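Q: Take this sequence and fold it.
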Amino acid sequence: MVALLAAGSVFSFLGQQRDSNSRPEGGAAEESGGSRYHVSLPKTVDGGRLALDEDLSDKPENQNPDLNPGDAQYVAWYASDSGDERYLFVGYNSAAAEDGSSADKMLDGQVDASDTSSPPKRHHITPPGADEPLTCMVIPAPESGRGAVAATCAWDDTGSAASVSDGGDTAAAATSVKDYDLKAFAEKVDRIRRDVRNPAS
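A: Okay, here's the model as predicted:
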């Protein structure tokens with residue numbers, strides 16, 4: 001479920017964003033006052049604790065026709081040696097990405113793709129040692145009773161945006177939103193962010 005929510009919905013909103021924000025206020029994204037960053041797909045993240053397990057970036061179902069030549073998109077699973085921890089990373093580098101709005105739109109897509117009856121609360125969490133917050137939420141388990149909660153944290157910069165979703169045992173064991181430790185998850189996502197996010201050259 002997490003893979004479908006995160007991968008399928010993230011790229012569906014990008015075309016809408018490109019149409020409405022192809023020239024955001026103040027000029028194109030390259031001219032924005034925010035710092036420019038790009039994301040990448042390193043072999044390991046979280047200080048080497050999580051390894052790239054499956055790169056889904058080139059799968060036809062993950063391709064976004066609204067990306068321009070030169071834009072890049074990434075969809076991949078990172079996992080611990082034991083397999084207990086699995087995280088879906090979804091990110092893109094594009095002039096359509098905006099600091100301050102793209103993360104929320106990524107989460108909007110996940111909510112739209114879920115069967116939740118009410119939008120989950122979003123939390124702006126700045127983990128210890130982080131300079132910038134993450135926007136995080138936990139989508140309740142499906143009303144059918146089958147499946148786990150879907151926890152995701154997202155961030156955006158001028159030129160890129162990304163999200164990380166928990167597809168491991170922690171999410172699988174949580175049957176309700178209150179059972180999930182979102183702050184602990186945000187700390188892990190921040191460590192992943194440090195490894196996938198770099199200043200744009």
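Q: For stretch 125-133, buried residues please.
A: Ile125, Pro127, Ala130, Pro133 (16 or more other C-beta atoms under 10 Å). (Glycine included, C-beta is placed from N, CA and C.)
Q: Mind listing residues that contact it?
A: Residues outside stretch 125-133 that contact it (C-beta atoms under 8 Å, 6 or more residues apart in numbering): His124, Leu134, Cys136, Cys153, Trp155, Leu182, Lys183, Ala186, Glu187, Val189, Asp190.
Q: 6 Å instead?
A: With contacts defined as C-beta atoms under 6 Å, 6 or more residues apart in numbering, stretch 125-133 is touched by His124, Leu134, Cys136, Ala186, Glu187, Asp190.
Q: Those residues: which two are farthest apart?
A: Distance extremes for those: the farthest pair is His124 and Glu187 at 14.4 Å, using C-beta to C-beta.
Q: Which one's more surrounded, these two?
A: Glu187 (17 against 11; other C-beta atoms under 10 Å).
Q: Now do the SS call for that one.
A: helix (DSSP: H, G, I helix; E, B strand; the rest coil).
Q: residues touching it, list them.
A: Residues near Glu187 by C-beta under 6 Å, 6+ apart: Pro127.
Q: run the last query once more with 8 Å
A: By C-beta under 8 Å, 6+ apart, the contact list for Glu187 reads Pro127, Pro128.
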